[in-house]
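1. quick one, what's the 3D model for this:
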Amino acid sequence: MLSAWRGFYKYLARDYVHTSNPCAGVRAPKAAKTLPSTLSPDEAAKLLEFSIGADVMALRDKAMFELCYSSGLRLAELAGLRPQDIDFSEGTARVTGKGGKTRIVPVGSKAVEALKEWIKQREILVRPRESALFLSRYGKNISHRSIGQRLKVLALRQGVSTSVHPHVLRHSFASHILQSSGDLRAVQEMLGHASISTTQVYTHLDFQHLAKVYDAAHPRAKKNG
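-> Here you go, the predicted structure:
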């Protein structure tokens with residue numbers, strides 16, 4: 001609204017020689033910052049502990065989402081991975097993030113196991129000259145939209161009530177690492193944030209967690225019933 005008024009008075013000054021602009025120097029109000037949605041550690045475990053059976057696409061999903069949660073990847077980073085970006089001997093992945101910047105992130109043991117199984121099947125599915133790690137059932141690079149849809153369906157099937165999309169796994173990774181370690185700088189490096197101020201939003205999530213623990217445990221915090 002403020003922008004519209006500024007534009008209107010500029011128009012009056014230009015075309016009608018209006019001399020005063022009441023919007024000059026008026027600062028726009030700051031929008032409230034919303035905290036990112038996260039899963040609890042129990043919800044994350046519930047989401048990822050699903051049966052695969054003989055379903056190759058379920059095996060791929062297991063590898064994708066274990067890796068996404070294990071390493072805090074953005075959706076574009078996950079979709080852009082190639083098999084050679086995974087170093088199984090070191091338990092790491094080379095990720096290309098925003099601005100083409102690369103970083104090395106750790107990969108957890110469960111994600112490593114799932115990736116090893118998926119790569120065996122990938123070699124059967126892959127089309128000629130396709131370099132992507134994660135493929136559609138037709139052997140081509142899986143789309144961002146398909147990744148989101150598969151995760152949403154999986155969450156419903158696993159009984160996870162939170163609206164889950166790939167960035168929720170990234171947020172959950174950051175929140176859980178910070179709760180366990182308290183090392184904000186390390187979380188910044190793993191997430192690939194240029195500024196630590198971007199990472200600091202997770203300290204608010206951590207405080208929310210601590211506040212809940214306090215309210216539940218401290219005898220002077222409990223409301224009289």
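
2. name the helix or strand of the protein that has the lowest mean pLDDT.
-> Of the helices and strands making up the chain, the lowest-confidence element is helix 201-217, at a mean of 61, by mean pLDDT, DSSP states H and E.

3. give me the neighbour count for Gln158.
-> Here the count is done by other C-beta atoms under 10 Å, and Gln158 has 14 residues near it. For every residue, glycine as well, the C-beta is placed using N, CA and C.

4. ok, which stretches of the chain are helices?
-> For the chain, the helices defined by DSSP state H occupy 2-16, 41-48, 56-71, 75-79, 109-125, 144-157, 166-181, 184-191, 196-199, 201-217.

5. nearest to Ile86, out of those?
-> Closest to Ile86 of these is helix 109-125 (C-beta to C-beta; 6.0 Å).

6. just the buried positions in that closest one, please.
-> By neighbour count on 16 or more other C-beta atoms under 10 Å, the buried set for helix 109-125 is Lys110, Ala111, Val112, Ala114, Leu115, Glu117, Trp118, Arg122, Leu125.

7. need the per-residue pLDDT for the fourth one.
-> Listed pLDDT for Ala114 reads 96.

8. quick one: low-confidence ranges for the chain?
-> For the chain, the stretches with pLDDT under 70 are 31-36, 203-225.

9. mind doing that once more with 80?
-> 17-19, 24, 28-36, 161-162, 179-182, 196-225 (pLDDT under 80).

10. one step back: so which of the helices of the chain comes closest to Gly100?
-> helix 75-79 (11.4 Å).

11. got the buried residues for that closest one?
-> Quick answer for helix 75-79 (16+ other C-beta under 10 Å): Leu75, Glu77, Leu78, Ala79.

12. so how far is it off the chain centroid?
-> Counting by C-alpha atoms, centre = their mean, to the nearest Å, helix 75-79 is centred 10 Å from the centre of its parent chain.
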